[in-house]
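Colleague: 3D model of this:
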Amino acid sequence: MTIAVDVAPLAPESFDAFVGLFAEVPSSCGCRWWHFTGTKNEWLDRCAHRPEDNIEEARAAVLARDPSASGLLARARDARPSDAALGWMKLTPRALVPKLRRLPVYRSLDLGPEDTTFAIGCLLVHPKARHAGVARALLASAEPYARSRGALALEGYPRRSSEPLYDEEVWQGPERLFHEAGFVVVHDVAPYPVYRKVL
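Modeller: Predicted coordinates:
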């Protein structure tokens, strides 16, 4: 079954739908992991005991129209304003998520231009809408969105595993999704290969 969705950039007026999605998953990160500068234990502590800090940081960034907080929100075509979103894709120039380049798996790689390559930082789909085309709709909308903002390429970093993964473990998107959308592997590094699509 495919769900009809409308995909649009995250904006202040759709922020409550974004928050609703994270509550329904549930996930306490508020899509702030890429911007958190503390240690892993500090991050885990924050998510466990102060998840509202993540939401308020995200809200402030969206209200300020900070491009590092940009991305796409998928909502049911007949959604009410109070309904949670069905999907979220963090999509921003790689230069605005420097934490990605500091990860050991990518640190030594030549990934090319930072400003004109848009990174797909995460793909989050409402549990009731999984396997219904929401992630595909987000990925299809990523191309025109990124191109309109000067992107020359899109990159994804899906997790690869020889064993089946639970939905919660593929928060950067399933690998087959990138294959199907015409992305190609440019760095085959386990467990997170780099997939790219030139626009």
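
Colleague: what about P26, how many residues nearby?
Modeller: 9 (other CB atoms under 10 Å). Using the backbone N, CA and C atoms, a C-beta is placed for each residue, glycine as well.

Colleague: identify all contacting residues around the helix or strand containing A48.
Modeller: In this assignment (DSSP states H and E), A48 forms part of helix 40-49. By CB atoms under 8 Å, 6 or more residues apart in numbering, the surrounding residues in contact with helix 40-49 are 28-29, 33, 36, 38, 53-54.

Colleague: change it to 10 Å
Modeller: 27-30, 32-33, 36-39, 52-54 (CB atoms under 10 Å, 6 or more residues apart in numbering).

Colleague: now do the buried residues in it.
Modeller: The neighbour-count check on helix 40-49 (16 or more other CB atoms under 10 Å) flags 43, 46-47 as buried.

Colleague: which of the helices or strands spans the spatially most central residue of the chain?
Modeller: Residue closest to the mean C-alpha point of the chain, counted by CA atoms, centre = their mean, is C122 at 2.4 Å. Applying DSSP H and E as the criterion places C122 in strand 117-125.

Colleague: which other helices and strands contact that strand?
Modeller: helix 15-24, strand 71-76, strand 87-93, helix 98-102, helix 134-148, strand 153-156, helix 175-180, strand 194-198 (3 or more CB pairs under 10 Å, 6 or more residues apart in numbering; DSSP states H and E).

Colleague: redo that, cut-off 8 Å
Modeller: Secondary-structure packing of strand 117-125 (3 or more CB pairs under 8 Å, 6 or more residues apart in numbering; DSSP states H and E): strand 87-93, helix 134-148, strand 153-156.

Colleague: as TSV, these with mean pLDDT would be great.
Modeller: Shown next, in TSV, are the helices and strands packed on strand 117-125 (pLDDT from 0 to 100):
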stretch	mean pLDDT
strand 87-93	97
helix 134-148	96
strand 153-156	97
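
Colleague: would you list those in JSON lines and tack on distance to P9?
Modeller: Output for the helices and strands packed on strand 117-125, formatted as JSON lines (distance: least, CB to CB, whole Å):
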{"stretch": "strand 87-93", "distance to P9": "9"}
{"stretch": "helix 134-148", "distance to P9": "7"}
{"stretch": "strand 153-156", "distance to P9": "15"}
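
Colleague: how about these, which one is nearest V5?
Modeller: Among the helices and strands packed on strand 117-125, the nearest to V5 by CB to CB is helix 134-148 (5.1 Å).

Colleague: beta-bridge partners for the closest residue to Y145 other than its chain neighbours, please?
Modeller: Leaving aside its sequence neighbours, Y145 sits nearest to L72 (CB to CB, 6 or more residues apart in numbering; 6.2 Å). Bridge pairing for L72 (DSSP bridges) gives the partners P9, M89.
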